[in-house]
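**Student:** Quick one, structure for this:
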Amino acid sequence: MAKNEKLEREAKLVRKFKKFYARAQSDCCEVRGSIIHGRGVYATKDIDKESEVIEYVGEPIYKDISEDRAWEQYARAEEHGDAAVYIFKLDDKWDIDGNVPWNTARLINHSCDPNCEAWIIGRRVYIYSLRDIKEGEELSFDYGFDIESYEDHPCLCGSDKCIGYIVSQEQWPDLRRRLAASKESKVTA
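**Tutor:** Okay, the predicted model is just below:
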C-alpha cells in the first residue's frame, strides 16, 4: 500500500471517529458521582419534556457476539466490584456495545421512576426526557431487564416507587406475585 493511501485511510478513520465522538456529547448533561451506582449522568441545564438529551453510542454487534461480550464485561466488572454491562438491545439481530469511554449515556442509571427513556431509531439509541428535568437532577431510565434473572439485579434507585429489582415495569405485576410467594414460603418454613 502506498504511503499516500495509508495516510488517506488514517485521515478518513480519524474523521469518522471525530463524528462518532461528537454524537456521544451533549451540552445537556455531565458525569458526576451518584448515590444510585457510583457514577451517574446529571442535567447541566433545565431540560423540557420529550427533548433529546444524548445519544447512546457504541459498536453495533450481532446477537451472537453480544452475549459473549456481555459475559466478559460482567466478569471484569465483578472483579472490580462493579456489575456494569453496557450492551444495549436494538432488535432481534443487533445490539450496541456501549463500552467505550466517550459514551456518556452508558452511565445513566436505572430507576423505577425514570425521568428519561430510550428511543431506538434505526440502529441508533437516543435518550429522551419523559418529563421536565431540572438542572442538577440525575438522569435515569428503565433498563427493562427480564424478570427471569431479577434476583441478579437488585435496584438501588431509592425512588418511592422502587420495586427492589431492575425489572421492566411491564413485568412488575409478575414480580410482585413472585416476591409475595417467596415471602410466604419463608414464613411457612
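
**Student:** hey, C-alpha coordinates of the lowest-mean-pLDDT helix or strand in the chain in PDB?
**Tutor:** Using mean pLDDT, DSSP states H and E, the weakest-scoring helix or strand in the chain turns out to be helix 63-79, at a mean of 81. Extracted C-alpha coordinates of helix 63-79, given in PDB (Å, rounded to 0.1, in the frame of the first residue of the first chain):
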ATOM      1  CA  LYS A  63     -26.500 -11.000  18.900                       C
ATOM      2  CA  ASP A  64     -24.100 -14.000  19.000                       C
ATOM      3  CA  ILE A  65     -21.200 -11.600  19.700                       C
ATOM      4  CA  SER A  66     -23.300  -9.500  22.100                       C
ATOM      5  CA  GLU A  67     -23.900 -12.300  24.600                       C
ATOM      6  CA  ASP A  68     -20.200 -13.200  24.800                       C
ATOM      7  CA  ARG A  69     -19.200  -9.600  25.300                       C
ATOM      8  CA  ALA A  70     -21.900  -9.100  28.000                       C
ATOM      9  CA  TRP A  71     -20.500 -12.000  30.000                       C
ATOM     10  CA  GLU A  72     -16.900 -10.700  29.500                       C
ATOM     11  CA  GLN A  73     -17.900  -7.300  30.700                       C
ATOM     12  CA  TYR A  74     -19.800  -8.800  33.600                       C
ATOM     13  CA  ALA A  75     -16.800 -10.900  34.700                       C
ATOM     14  CA  ARG A  76     -14.500  -7.900  34.500                       C
ATOM     15  CA  ALA A  77     -16.900  -5.800  36.500                       C
ATOM     16  CA  GLU A  78     -17.300  -8.500  39.100                       C
ATOM     17  CA  GLU A  79     -13.500  -8.500  39.600                       C
END
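
**Student:** name the helices or strands packed onto that helix?
**Tutor:** Applying 3 or more C-beta pairs under 8 Å, 6 or more residues apart in numbering; DSSP states H and E, we find helix 63-79 packed against strand 87-89, strand 94-97. Placement of C-beta: from N, CA and C, glycine included.

**Student:** would you turn these into CSV with mean neighbour count, distance to E10 and mean pLDDT?
**Tutor:** Converted to CSV, the helices and strands packed on helix 63-79 look like this (neighbours: other C-beta atoms under 10 Å; distance: least, C-beta to C-beta, whole Å; pLDDT from 0 to 100):
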stretch, mean neighbour count, distance to E10, mean pLDDT
strand 87-89, 19, 29, 87
strand 94-97, 20, 23, 91
